[in-house]
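A.B. asks: Below are the sequence and a predicted model for it; my questions follow.
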Amino acid sequence: MSQHTFKVNGKQVTVDADDKVRLLWVLRDLLGITGPKYGCGINVCKACTSHINGKAFNPCSVPVSAIKPDDEVTTIEGISGPDGDLHPMQEAWLETDVAQCGYCQPGQIMAAIAKVKQARSEGREISDADFDEIRNICRCGTYSRIREAVKSAATKM
Amino acid sequence: MARLFLVRDPRSRSAFLRGQSMADQRRSPLPALESDGLQRRRFLGYLLAAPTLAVAARIGMDTLDAPDAEAAIPSLPGPADILDLGDALTLAAMPTSNLIVIQMNRDGTASFAVPRAEVGQGITTTVAMLIAEEMDLPLEKVNVTLADARPELVFNQLTGGSNSVRSLYDPVRTAAAIARARLLTTAANQWGVQPSSLTVQKGIVKSRNGKTASYGSLAEAAASSRTEQVTAQPKAANTFKIVGTPQGRIDALAAVTGKKQFTMDLQVPNAKPTMVCRPPTTGGSVQSVRNLAEVKAMPGITDVAVVSTGVAVRGETFGQCIDAVRALKVIWGPGAVDAEDDQTVLKKLKAATLPMAVPPVLTSTLDAEFTFAFASNSALETNCAIADVRPGSAEIWSPLKSPITTQEQIAVMLGLPVTAVKVHVMTSGGSFGRRLFGDAALEAAEISKKMGKPVKLMWHRADDSRHGRTHPMSISRVRVNYAAGNVVSYEQRHTSVTTDFGHGLGEILTAVAAKLPVGDIGFSQTVYELSQSNPYNFGAVTNLLNEVPLKFHTSSMRNVYSPNVVCARELIVDQLAAKFGKDPLEFRRSFLKEDRQRKVLDTVAEAGNWGRKMPAGMAQGIALHVEYKSVSAVLMEIDCRPETVNRKIRDGVAGPRVTKAIMAVDVGLPINPKGVDAQMIGCMNDGIALALTSSLHMDKGLPLEASWDNYFYTRQWNTPPEMKVIVMPANGEPGGAGELGVASSIAACACAYGRATGTMPTRFPINHDTLSFEPKPKVPPVPESPTDGLNYAF
């Protein structure tokens, strides 16, 4: 067991865990942050997608020891504004009524935010080709509404 | 199918709510007649003795009098056998037996615990809409939760067969109508006016002279001191203001903020992460564990125990459980189907196919055989349950579609009375048939008992894929004889590995099965008979099922037999059209039995611009399916050109791309068109997966697939860039919708593929014969979690 310190959703946390325990379990089992979901544990389904320093990643495949003290981890719980305002991506999700069972949706939203930012940083708007690269599985098959919502949110981000 | 649930009460005029007249109940100047000329029906319901207004109606019963209720409990095998008869009679004799209850709260909200599972299909939103409509309450003032297992409901707590709306529509509206009438009467009595002079808007009762009272303020005064039977006349469909309008899901905000609570998100004291090391076979059991003590000493691990399904480990984190499962050295006994693989099963299916009745007429016969691989109904949330088993009692939390069966099985396993086992139905991260069985709940209860501690059991994805239930492999043979521009006979022989229906019976199936002149045929045959109907005038039609009893872990998958049966049929319809020199749409139009079906087909054909010119290697396909008193037609366009088929996808399959998918759907009364739209989009993605990419490969009795990068459910790179659903206007009572569109979608996709490639496909999914992944080892049973996740950050 060793101590790990980093920032989650704007708060500094210190947690006792074995170095190799993957961050997903540190978040869910030790810190009680349950927005990121388990769907495979091998970086395939992307249900646990969260952000590290603003970039999308999958905590199921990162040992807690790889998180540095100044790293900022953001989960679905941490993307709303300081006064509780929803993120434009969440708003678009509600307007489009994207979710069905909802299990993959926190990961979908986190991936979508990063995808829009990635396209922006490459000097373009998000396109069908970008959507084809999103690997997050939705077993309810909400893909077309995800595309619609992301396009709408991108105009407000 | 006849509506069996609530019966029109011929005594309605005399048995009436206290102090009310017919006009009060009608409560609006709207006509008493439905637009179709049918009189509004009157139903029986109850006022319950409670501190605030509580109203109820009965589901699944066709009797008028409460005391007769116990006579309606069917004496069926399975679950009924293990619910002690005395218990059953006691429960049935309770005045609230078999009732669904709406509670009016002091804060102005109405609460309802729906005896169904919410698996993403939107039943909580639909039911909330029905209550809001009938009570004139804003939708956000209706709280719908999932009822715990209620054994007194007997067969009325099964979520399946796309039957929830059909079975709850009348009882929920009845109870809500009673609540509204009672609240109005209460206000009228307080103000000394006639109830008929009052109006309600958004849960506020108003009198003509400007007095107002909120439902919340009336909730206590409206409560009944004793339980009594009353009648109600729910609103006429042509007065609906909420029902029939598109509404967003009531749990949408929770879903997008990460607050929606699934089973594994619950914090039950001391219920620590638990997983099971499973055999490299289906159903193999533990002979011995070589390093049990060593694994128990691993970091974070608290318990290790041998159970009937493998070796259970409990620890501080699931990560440490995964490590422990991988470290276990287990000697396994044989499994149940170790000698079986795709080829051996196929051989058995072919041998078991029932003969055709009509001999071929050489010059005008079409004969074809279609093969459908094993498929997985795996949801994204893996099988899971929390169990806290103590001496004399047990408490379970799990996503369950047949919670009563699970509760009874757990009671038998633990040697407890059913009433000592509390089963909480949790919202589910998808189902697709998977939650029909409480496999994880049973396993969690066994482990908790063995360890003497609460457990939070989660299946690994590899467990879910390999040991979760599969939709069995099947073959469908079709023979059609035709002559002089007519189809003389259509025969289909569907042969499948046995589908396990051991989760119990739904009320609609039970009720109808009892009335069928089918003698002692099995339950599978009954389901098949009830779900398969041929919408075409094809002369002498026979459609028979035979099953091969192999001990794979099977269960229904969304739409059960229909996707495979209908895919085969619609492909043959395309072949027939070609033989007749007709366009596939024209052929279908001319042979369909009903105008309602033709209308749906025409709608999709027009919206999809049927018949438009497409480049070589691309084509349109069209197909139709009728079930659950609903109709769906799908038009898909597919791109089978090499540059599309062979496009590169990392750790995934590309293959043909459906570029456009359109469905027209007639569900009778679409209560929430937005919900229907979502369900149908999902059905189309399911159908595309079943036609093109998703299957399990059986190897020594176990699927090779252990991951979402092995089991190719439709992904963003497969989904059509253009999708559309046209919900036909309301034209009757609600039909079933949740599964409806899978069959028409797999069929449309297969037909499009056949027309684009010029060859009718006969083996599904079309990429099954190519193994497009490196199978993961079977020992250890779960893969290690990677450590390089940061390399993929974007």
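C.D. replies: Done, it's in. Numbers count the residues shown, from 1 in each chain, chains lettered A, B, ... in the order given.

A.B. asks: what pairs with the residue nearest the centre of chain A across the strands?
C.D. replies: Closest to where the C-alpha atoms of chain A average out (C-alpha atoms, centre = their mean) is A:S50, at 2.7 Å. According to DSSP bridges, the residues that bridge with A:S50 are A:F57.

A.B. asks: what comes up buried for the longest helix that chain B contains?
C.D. replies: Counting residues, the longest helix in chain B under DSSP state H turns out to be helix B:164-191. Neighbour-count burial for helix B:164-191, with 16 or more other C-beta atoms under 10 Å in any protein chain shown as criterion, is recorded at B:164-188, B:191. C-betas here are computed from N, CA, C, even on glycine.

A.B. asks: do stretch A:73-88 as well
C.D. replies: When burial is assessed from 16+ other C-beta under 10 Å, stretch A:73-88 yields the following buried residues: A:V73, A:T74, A:T75, A:I76, A:E77, A:G78, A:I79, A:L86, A:H87, A:P88.

A.B. asks: for stretch B:644-657, same thing?
C.D. replies: Under the neighbour-count criterion of 16+ other C-beta under 10 Å, stretch B:644-657 has B:T644, B:G652, B:V653, B:A654, B:G655, B:P656, B:R657 buried.

A.B. asks: same question, stretch B:328-348
C.D. replies: If you call a residue buried by 16+ other C-beta under 10 Å, then stretch B:328-348 has these buried ones: B:L328, B:V330, B:W332, B:G335, B:V337, B:E340, B:D341, B:D342, B:V345, B:L346, B:K348.

A.B. asks: What is the nearest of those residues to chain A?
C.D. replies: Set against chain A, the nearest of the buried residues of stretch B:328-348 by C-beta to the nearest C-beta is B:L328 (17.0 Å).

A.B. asks: Give me the phi and psi angles of that closest one.
C.D. replies: With angles defined as degrees, to the nearest 10, B:L328 sits at phi -60, psi 140.

A.B. asks: Could you count how many residues lie near the closest residue to it other than its chain neighbours?
C.D. replies: Leaving out its chain neighbours, the residue that sits closest to B:L328 by C-beta to C-beta, 6 or more residues apart in numbering or on different chains is B:C277, at 4.5 Å. Taking other C-beta atoms under 10 Å in any protein chain shown as the criterion, the count of residues near B:C277 is 29.

A.B. asks: hmm, back to that, including secondary structure and pLDDT, could the buried residues of stretch B:328-348 go into CSV?
C.D. replies: As requested, the buried residues of stretch B:328-348 are arranged in CSV below (DSSP: H, G, I helix; E, B strand; the rest coil; pLDDT from 0 to 100):
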residue, secondary structure, pLDDT
B:L328, coil, 98
B:V330, strand, 98
B:W332, strand, 98
B:G335, coil, 97
B:V337, coil, 97
B:E340, coil, 98
B:D341, coil, 98
B:D342, helix, 98
B:V345, helix, 98
B:L346, helix, 98
B:K348, helix, 97
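
A.B. asks: what about the residue of the stretch 601-750 of chain B found nearest chain A, how many residues close to it?
C.D. replies: When scored by C-beta to the nearest C-beta, the stretch 601-750 of chain B has B:N685 as its residue closest to chain A, at 3.1 Å. Residues lying near B:N685 (other C-beta under 10 Å) number 29.

A.B. asks: Can you say which helix or strand has it in it?
C.D. replies: Take DSSP states H and E as the rule and B:N685 turns out to sit in helix B:673-688.

A.B. asks: Distance from that helix to the middle of the chain?
C.D. replies: Mean C-alpha position of helix B:673-688 versus that of the full chain (C-alpha atoms, centre = their mean, to the nearest Å) differs by 13 Å.

A.B. asks: Sheet-wise, list the partners of the helix or strand following that helix with their directions.
C.D. replies: Helices and strands here follow DSSP H and E; after helix B:673-688, the next one along the chain is strand B:698-699. According to DSSP bridges, strand B:698-699 forms sheet pairs with strand B:702-703 (antiparallel).

A.B. asks: picking that back up, quick one: buried residues of the helix or strand just after the longest helix of chain B?
C.D. replies: Past helix B:164-191, heading to the C-terminal end, the next element that is a helix or strand (DSSP H and E) is strand B:199-201. Residues of strand B:199-201 classed as buried: B:V200 (neighbour count, 16+ other C-beta under 10 Å).

A.B. asks: I would like the residues contacting strand B:199-201, please.
C.D. replies: Residues outside strand B:199-201 that contact it (C-beta atoms under 8 Å, 6 or more residues apart in numbering or on different chains): B:M135, B:D136, B:R180, B:L183, B:L184, B:V205, B:K206.

A.B. asks: How much space separates the nearest residue to the second one once chain neighbours are set aside from A:H51?
C.D. replies: I take that to be B:D136. Closest residue to B:D136 in three dimensions, ignoring its sequence neighbours and counting by C-beta to C-beta, 6+ apart: B:V200, at 4.2 Å. With distances taken as C-beta to C-beta, to the nearest Å, B:V200 is found 47 Å from A:H51.
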